[in-house]
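*Asks:* Next one to model:
(chains A and B)
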Amino acid sequence: MAEIDFERRLERLFADAPELPDAAAFTVRIEGRLNRGWNTRRWLLGAAGLAGGVIGASQLVVSNLFQRVESAEQSARVLGQGLARVTPTTDMVSALSGGYGVWLAGGVAILTMGFAVSRLFEEL
Amino acid sequence: MPMSGANSSSFASFHDVELCSYAAAGERRAFGELVRRHGSSVRHLLRRMGAQAAESDDVAQDAFLAAFERIAEFRGEGTFAGWVKKIAARQYLRRLQREKRLSALAAEGGKDEADAHVGDADHRIDLDEALRGLSTAERLCVSMCYGAGLSHGEAADALNLPLGTVKSHVKRGLEKLRARLAPNGATADGAVLEGRRGNG
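*Replies:* From the prediction side, this is the model:
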């Protein structure tokens, strides 16, 4: 069909666009804008992380967490000793039931929260 | 999953679809390669739709940035260039709407400049030259349908015009282009050129 041939020719003509002389400069401008946006996002993430860290640290200090952890350690140790009398234990279980377990759980919780927050920002 | 560690020079040998998957993973240099490949054709399209050079560059930049933000939506069903061209064409129309220029352009009648140049068909007339013989509305509609790959219905939606009006603009535009682009001065053979996209 002549019309279809002409339409295909027209589409080819539209697609056949010679490179403009300032094509490289155009690309650089877009890359610059992309990088600017990325850097802005990184700064915002960093600032948000810093602010969150400061707030979190101050909350920890205010809430006497360290004293509570120490008392939790003592409780866990007492509990572990009680368990040791009742059941045979392994080193791992006794380590976890002592102070290490609390710190380990805390560390995992912080890591998980950090991962979740970073994923949330990536999605945003 | 794109591998890490590809550098700018290695991207030159990649297919568009691979570059898109890199870009979707946040690799901005891969997207830069796509811009390098298709930037000129997007800018040409906007100029053919009637945008001035500076305006076409602005719209093309915004279109590429929008494409980067939405790159995960690109499924590789068509070409990347076609996808960006559609984004760019719609953004240009939105800009015209914002500046209240669209309604004036779209309503513009068929100011017929074609006749003055039909006799030049002995010479090779390129598409840009031929498009200059169309009215603004005809040029806009033909460029959207044949340059950006929109259907008549999509063009009508984007232009906020009745489908029949868009079809008329396309038909008249195609007739003029056919007359101007025909080799050896041959003119349209009287066939009705409503176009393959006429089903809306």
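*Asks:* what about chain B, any weak spots by pLDDT?
*Replies:* For chain B, the stretches with pLDDT under 70 are B:1-9, B:102-125, B:183-200.
*Asks:* number of nearby residues for residue A:35?
*Replies:* Look at residue A:35: counted by other Cβ atoms under 10 Å in any protein chain shown, it has 13 neighbours. Using the backbone N, CA and C atoms, a C-beta is placed for each residue, glycine as well.
*Asks:* To clarify, my last question referred to residue B:161.
*Replies:* Counted with other Cβ under 10 Å, residue B:161 comes out at 21.
*Asks:* Stretch B:157-173: how far from the chain's middle?
*Replies:* Computed by Cα atoms, centre = their mean, to the nearest Å, the chain-centroid distance of stretch B:157-173 equals 15 Å.
*Asks:* Determine the longest helix present in chain B.
*Replies:* The single longest helix within chain B, with elements called by DSSP state H, is helix B:28-48.
*Asks:* Quickly check: that helix near chain A or not.
*Replies:* Yes: applying Cβ under 8 Å from any Cβ of the partner chain, one finds that helix B:28-48 is in contact with chain A at B:28-29, B:31-32, B:35-36, B:39-41, B:43-45, B:48.
*Asks:* Can you tell me which of those residues are buried?
*Replies:* The neighbour count (16 or more other Cβ atoms under 10 Å in any protein chain shown) marks B:29, B:31, B:32, B:35, B:36, B:39, B:40, B:41, B:43, B:44, B:45, B:48 as buried among the residues of helix B:28-48 next to chain A.
*Asks:* contacting residues around the fifth one?
*Replies:* Listed by Cβ atoms under 8 Å, 6 or more residues apart in numbering or on different chains, the contact partners of residue B:36 are A:23, A:24, A:27.
*Asks:* and the last one, what does it touch?
*Replies:* Residues near residue A:27 by Cβ under 8 Å, 6+ apart: B:32, B:35, B:36, B:39.
*Asks:* what's the distance between it and residue A:102?
*Replies:* 55 Å (Cβ to Cβ, to the nearest Å).
*Asks:* and if you look at the second one?
*Replies:* Using Cβ to Cβ, we find residue A:24 at a distance of 59 Å from residue A:102.
*Asks:* cool, and residue A:25?
*Replies:* For residue A:25, the distance to residue A:102 - Cβ to Cβ - is 59 Å.
*Asks:* what's the answer for residue A:8, then?
*Replies:* 73 Å.
*Asks:* Pull up the residues of chain B that are close to chain A.
*Replies:* B:28-29, B:31-32, B:35-36, B:39-41, B:43-45, B:48, B:57, B:60-61, B:64-65, B:68, B:81, B:126-127, B:142-143, B:146-147, B:174, B:177-178, B:181, B:189, B:191-193, B:195-196.
*Asks:* Report how many residues lie close to the closest residue to residue B:44 other than its chain neighbours.
*Replies:* Of all residues not flanking residue B:44 in the chain, residue A:17 sits nearest, at 3.7 Å (Cβ to Cβ, 6 or more residues apart in numbering or on different chains). Neighbours of residue A:17 under the rule other Cβ under 10 Å: 21.
*Asks:* which ones are touching residue A:17?
*Replies:* Neighbours of residue A:17 in contact, by Cβ under 8 Å, 6+ apart: B:40, B:41, B:43, B:44, B:45.
*Asks:* So it: helix, strand or coil?
*Replies:* coil (DSSP: H, G, I helix; E, B strand; the rest coil).
*Asks:* Phi first, then psi, for it.
*Replies:* Residue A:17 adopts backbone torsions of phi -110, psi 120, taken as degrees, to the nearest 10.
*Asks:* What distance do you get for it to residue B:162?
*Replies:* Distance from residue A:17 to residue B:162, by Cβ to Cβ: 31 Å.
*Asks:* Check residue B:53 too.
*Replies:* 32 Å.
*Asks:* what does residue B:24 give?
*Replies:* Relative to residue B:162, residue B:24 is positioned 38 Å away (Cβ to Cβ).
*Asks:* coming back round to it: neighbour count for residue A:24 and residue A:102, which is higher?
*Replies:* residue A:102 (18 against 12).
*Asks:* per the record, what domains does the chain have?
*Replies:* This is for chain A. Domain assignment for chain A, taken from automatic domain parsing, gives A:20-63, A:64-124.
*Asks:* Sorry, I should have been clearer: chain B.
*Replies:* Taken from automatic domain parsing, chain B resolves into B:11-99, B:103-194.
*Asks:* how about the ones you listed in CSV, adding distance to residue A:47?
*Replies:* CSV is the format used below for the domains of chain B (distance: least, Cβ to Cβ, whole Å):
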stretch, distance to residue A:47
domain B:11-99, 20
domain B:103-194, 40
